[in-house]
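Asks: Pasting a predicted model and its sequence here:
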Amino acid sequence: MSKLIALLVVAAIVGGVYFYYVKKMPTTDAGTASTQAISLTGVRMDLNQIAQAERSYFASNAKCASLEELSSSGTVNFARSGRDGYTYEVRCGDGNQFSVVAQHPAPSTDAGVRYPTLTVDQNLQVGEAR
């Protein structure tokens with residue numbers, strides 16, 4: 001019986017440590033948890049890859065292309081249209097202007113999780129949409 005109580009105490013301590021260190025992580029990347037910062041880095045890399053492919057496509061075809069057109073033309077070796085809940089969209093503007101937008105749907109509960117909308121333009125400048 002004492003072994004069972006000791007096991008429950010150890011489980012409670014481990015659960016407390018998990019909650020304190022994992023659930024209450026310090027934030028980085030302008031208010032996102034460190035695990036989200038890793039995902040955001042991947043999203044930024046995807047945006048840069050799509051923007052470079054868009055610039056290459058525009059140089060060859062003198063027009064802006066959707067994400068599907070980029071993929072089907074072989075300009076970008078990119079099979080997915082999003083990452084970790086983010087979805088990507090190419091928005092064409094006047095001339096050679098375009099932006100690639102990564103959006104995440106709003107969470108159903110406010111658990112302190114922040115999902116910024118990221119964009120990259122024809123100058124390969126990645127930033128947050130306001």
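Replies: Arrived safely, thanks for sending.
Asks: switch to C-alpha atoms for all contacts and neighbour counts from now on
Replies: OK.
Asks: At which residues are the helices of the protein located?
Replies: Using DSSP state H, the helices of the chain run over 2-18, 34-61, 67-73.
Asks: which of those helices has the lowest average pLDDT?
Replies: The weakest mean pLDDT among the helices of the chain belongs to helix 2-18, with a mean of 82.
Asks: quick one: that one to chain centroid distance?
Replies: Distance of helix 2-18 from its chain centroid, counting by CA atoms, centre = their mean, to the nearest Å, is 36 Å.
Asks: Need the CA coordinates for that helix. CSV is fine.
Replies: C-alpha atoms of helix 2-18 as CSV (Å, rounded to 0.1, in the frame of the first residue of the first chain):
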residue,chain,number,x,y,z
SER,A,2,2.9,2.4,0.8
LYS,A,3,4.3,1.7,-2.7
LEU,A,4,1.0,2.8,-4.3
ILE,A,5,1.0,6.0,-2.3
ALA,A,6,4.6,6.7,-3.2
LEU,A,7,3.8,6.1,-6.9
LEU,A,8,0.9,8.5,-6.7
VAL,A,9,3.0,11.1,-5.1
VAL,A,10,5.7,10.7,-7.8
ALA,A,11,3.0,10.9,-10.5
ALA,A,12,1.6,14.1,-8.9
ILE,A,13,5.1,15.7,-8.8
VAL,A,14,5.7,14.7,-12.4
GLY,A,15,2.3,16.1,-13.4
GLY,A,16,3.1,19.4,-11.6
VAL,A,17,6.5,19.7,-13.2
TYR,A,18,4.9,19.0,-16.7
